[in-house]
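Chemist: Need a 3D model of the following:
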Amino acid sequence: MTRSSEHIQQQLFDAITVIGKCDFPDQWPTFLDTMVRQFQQLSTQNSFQSINGVLKTVHLLFERYRYEQKLDELWLEIKLVLEKFAPAFTELFKVIEMKNIFDLLYVCIKIFYDLNAQELAEHFEDNLTLYMTLLSYANQKLHLIHQSEILD
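Modeler: Just a heads-up that it's a prediction; the model follows:
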């Protein structure tokens, strides 16, 4: 999937989303383990396009956490996802130079929001400094442009 063309990837994303809405996590318990394994392998290879494919796939499944009603069943699923996915997701922020990969960062932020929309999860609260440092990125070129406008 991660090596497919963009058009094929979109079709695969759509198929996984449809299947995942019905089967994840109860009928598809290996999905997260497979995604985490692939994600970790791709992270060590710095294969950004493939990493982005994995992130987009899990985002499509996690996105519903933003708007679903707070029920015990939802919380159990989010807890499972946090236990299996959040550590590998956090490692991505440590390994990859994110400042030059804004597309990847955008999907990461979407996933961060998916997993925390109901309430800030303990895992992310424990690693908040790491995430907030990345979100406060300032581009030096923008500062130079702003300073030149002030001088004019």
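
Chemist: C-alpha from now on. contacts and neighbour counts both.
Modeler: Fine.

Chemist: Show the model's pLDDT score for residue 58.
Modeler: Residue 58 carries a pLDDT value of 89.

Chemist: I misspoke; the intended subject was residue 121.
Modeler: 89.

Chemist: Could you do residue 72 as well?
Modeler: As predicted, residue 72 sits at a pLDDT of 93.

Chemist: Run through the residues that contact residue 35.
Modeler: Counting by CA atoms under 8 Å, 6 or more residues apart in numbering, residue 35 makes contact with 54, 58.

Chemist: tell me the secondary structure for it?
Modeler: helix (DSSP: H, G, I helix; E, B strand; the rest coil).

Chemist: Could you measure from it over to residue 9?
Modeler: 15 Å (CA to CA, to the nearest Å).

Chemist: do residue 123 as well
Modeler: In terms of CA to CA, residue 123 sits 30 Å off from residue 9.

Chemist: for residue 104, same thing?
Modeler: Distance from residue 104 to residue 9, by CA to CA: 16 Å.

Chemist: And residue 102, by the same measure?
Modeler: 20 Å.

Chemist: So which of the two has more stuff around it?
Modeler: residue 9 (17 against 10; other CA atoms under 10 Å).
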